[in-house]
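# Turn this into a model:
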Amino acid sequence: KKITKSMKMVAASKLKKDEMRMLTGMPFVKPVQDLFARLPREDKPGNTIYFGVTSDKGLCGGVNSAIAKMCRRGMAADEAAGNAAKYMGIGAKGSAALKRFYGDR
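Residues are numbered from 1 along each chain as shown. As a prediction, the model looks like this:
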């Protein structure tokens, strides 16, 4: 019980620090959100570009694989519907994961 309690305390402390980091980074996120909001949107079907942001290194395997999996599923669905799909990304981990399936794009 003591080990579990101390693990919970450590996790709570880490969560608090991560929340503070997230809040201090929000001023940098807002301009990017505004940029994407201003992009023109078309409702007609056609070519789709999936844009993934993953890490270059570190212990983010679950996040990186989830992003790659979502892009793969979306690209497969678009191709099944007869639309072309491409991937653009930031980060070596996501790009490496998708190159195995879609090396030509």
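
# contacting residues for residue 54?
Listed by C-beta atoms under 8 Å, 6 or more residues apart in numbering, the contact partners of residue 54 are 60, 63-64, 67-68, 89-95, 97. No exception for glycine: its C-beta is placed from N, CA and C like everyone else's.

# Check the offset of the longest helix seen in the chain from the chain's centre.
Longest helix in the chain, counting residues (DSSP state H): helix 2-38. The chain centroid and the centroid of helix 2-38 are separated by 16 Å, computed with C-alpha atoms, centre = their mean, to the nearest Å.

# now do stretch 80-95
Here the centre of mass of C-alpha atoms in stretch 80-95, compared against the chain's by C-alpha atoms, centre = their mean, lies 12 Å away.

# which parts of that stretch are buried?
By neighbour count, with 16 or more other C-beta atoms under 10 Å as the criterion, the buried positions of stretch 80-95 are 85, 87, 89, 91, 93, 94, 95.

# Good, we can wrap up now.
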